[in-house]
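K.L.:
Got a predicted structure plus its sequence, pasted below:
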Amino acid sequence: MMLSFVQWLQSTSFFTALRGSAYAYPVVLSLHMLGIAFFGGMILMTDMRLLGLAMRKKSISEVINQFRVPKRWGLLLTATCGLLMFGSKAEEYYYNAFFRTKLILFGLLILHALVFRSIYADPTSLDHFPTAPTHAKLAAALSLVLWIAVACCGRGIGYIEPPLDKIRAEIHGTNYALVARSAITILEKGLPRCCFCKLTP
Amino acid sequence: MFIANPLDSSELVFPVLECFHIVGFAISIGTIAIVDFSLLGLAVTRESPAQLARDTWLWTLGGLVLMLFSGLLLFSSDPDEYLLNRAFLIKMIFFVAAVIFHYTIHRHALETEGTTGSRKAIACVSLILWAGVIFGGIFIGFVYPGLGTRF
């Protein structure tokens, strides 16, 4: 079901055109990184303020409130570019272990947002404390760990190129062992040459 | 020249360094961008840009050091290839310009009360220079020396 969806998605004329363009992919990837560069600092500053490691002269609620809206723009830019890249190579991404890990991490981040909703949505109650209470510090530390893990998995995606033809040929029995083996082989053999251009065989 | 680069000892070193590089630029460029958005009046307007810069300068410097050291190690894995890579050279021009701009004109603009227009222009130049660094960095992987863009 999922597989036929990703195959359909990348076969749409929009994503076929995107995949075929020489410049689109690196430009979208650059914009994705730009989103991280321009707005990642706001996540960092928010969490570091909760941990008491930055902007201590400002109250917690001031820091969290002033970064809330721009952080959303950043998420919008980064997520849009990420979805464009996913769509253009959806079938490859589907098999990519780092991409799958990244999706799990996104799930955990949504969970994080739900569990610690009160801290980020209504931080004024935290201003009464001289330093943030433990659960707020835990939220900040988890947020930082999850976002850094997301960035690292994102970088990892480019290092795996699942051999689609091979997989497609054997997929009728959905041979997951083969999928895993191919991914490992690519990871082992592909890495040294990946340094400059992952497309150099 | 016959010293073995410890970077070649494991295939994992390069991608791990890349992750440090990404975190480094997210910290450094991220904190600079906060100040620039504030200068532009687009975001974080409750605090003066000068105050924001005082709050974040140490993080900016720390991020730059992390980015620079991981970047130098990445570069050392194959200097010849990098020096022939047009995207890398463009990235370096943007990077040097961005760092010099940040610690001269950009800093000066925060310390003095310039006109709103000039402050906005300085924020724009800063953001464009750093964006150039990011684009250059991504295109390194997509460009062969002298051959233009290819997949």
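P.N.:
Thanks, I have the structure now.
K.L.:
from here on, contacts and neighbour counts on C-alpha atoms
P.N.:
OK.
K.L.:
Share the number of residues neighbouring A:F86, please.
P.N.:
A:F86 sits with 19 neighbouring residues when counted by other C-alpha atoms under 10 Å in any protein chain shown.
K.L.:
residues touching the closest residue to it other than its chain neighbours, list them.
P.N.:
Nearest residue to A:F86 in three dimensions, chain neighbours excluded: A:Y93, at 6.5 Å (C-alpha to C-alpha, 6 or more residues apart in numbering or on different chains). Applying C-alpha atoms under 8 Å, 6 or more residues apart in numbering or on different chains, we find A:Y93 in contact with A:86, A:99-100, A:157.
K.L.:
measure A:Y93 to B:G41 for me?
P.N.:
Noted for A:Y93: a distance of 39 Å to B:G41, by C-alpha to C-alpha, to the nearest Å.
K.L.:
Buried residues in whichever strand or helix holds B:Y82, which are they?
P.N.:
Element membership of B:Y82, judged by DSSP states H and E, is helix B:79-83. Within helix B:79-83, the residues that count as buried by 16 or more other C-alpha atoms under 10 Å in any protein chain shown are B:Y82.
K.L.:
Pull the contacting residues for B:V23.
P.N.:
Applying C-alpha under 8 Å, 6+ apart, the residues near B:V23 are A:148, A:151, B:63, B:67.
K.L.:
Lowest-scoring secondary structure element of chain A by mean pLDDT?
P.N.:
The helix or strand with the lowest mean pLDDT-type score in chain A, counting by mean pLDDT, DSSP states H and E, is helix A:176-190 (a mean of 68).
K.L.:
Quickly note the distance from B:F142 to B:A87.
P.N.:
Remark: distance between B:F142 and B:A87 (C-alpha to C-alpha) = 9 Å.
K.L.:
Of these two, which one has the most company?
P.N.:
B:A87 (26 against 23).
K.L.:
what about the helix or strand hosting that one, near chain A?
P.N.:
B:A87 belongs to helix B:86-101 when assigned by DSSP H and E. No. Judged by C-alpha under 8 Å from any C-alpha of the partner chain, helix B:86-101 and chain A are separated, with a smallest distance of 10.4 Å.
K.L.:
which other helices and strands contact that helix?
P.N.:
Under the contact definition 3 or more C-alpha pairs under 8 Å, 6 or more residues apart in numbering or on different chains; DSSP states H and E, helix B:86-101 sits against helix B:79-83, helix B:116-140, strand B:143-144.
K.L.:
And chain A, is the second one touching that?
P.N.:
Yes. Under the criterion of C-alpha under 8 Å from any C-alpha, helix B:116-140 makes contact with chain A via B:131, B:134-135, B:138-140.
K.L.:
where does the chain have low pLDDT?
P.N.:
The chain I'm using is chain A. Segments of chain A classed as low confidence (criterion: pLDDT under 70) are A:170-179, A:186, A:188-201.
K.L.:
not quite, I wanted chain B
P.N.:
In chain B, residues with pLDDT under 70: B:1-3, B:144-151.
K.L.:
90 instead, please
P.N.:
For chain B, applying pLDDT under 90 flags the ranges B:1-15, B:41-52, B:54-55, B:76-82, B:84-86, B:105-119, B:140-151.
K.L.:
Give me every residue in it lying close to chain A.
P.N.:
Checking chain B against chain A by C-alpha under 8 Å from any C-alpha, the hits are B:11-12, B:14-15, B:18-19, B:22-23, B:25-31, B:33-34, B:43-46, B:55-56, B:131, B:134-135, B:138-143, B:149-151.
K.L.:
could you flag which of those residues are buried?
P.N.:
Taking 16+ other C-alpha under 10 Å as the criterion, what is buried in the residues of chain B next to chain A is B:11, B:14-15, B:18-19, B:22-23, B:25-31, B:33-34, B:43-45, B:55-56, B:131, B:134-135, B:138-143, B:149.
K.L.:
In chain B, which residue sits nearest chain A?
P.N.:
B:G30 (3.8 Å; C-alpha to the nearest C-alpha).
K.L.:
Now that residue: closest residue in space, sequence neighbours ignored.
P.N.:
Spatial nearest neighbour of B:G30, excluding adjacent residues (C-alpha to C-alpha, 6+ apart): A:G41 at 3.8 Å.
K.L.:
so what's that neighbour up against?
P.N.:
By C-alpha under 8 Å, 6+ apart, A:G41 lies in contact with B:26-31, B:33-34.
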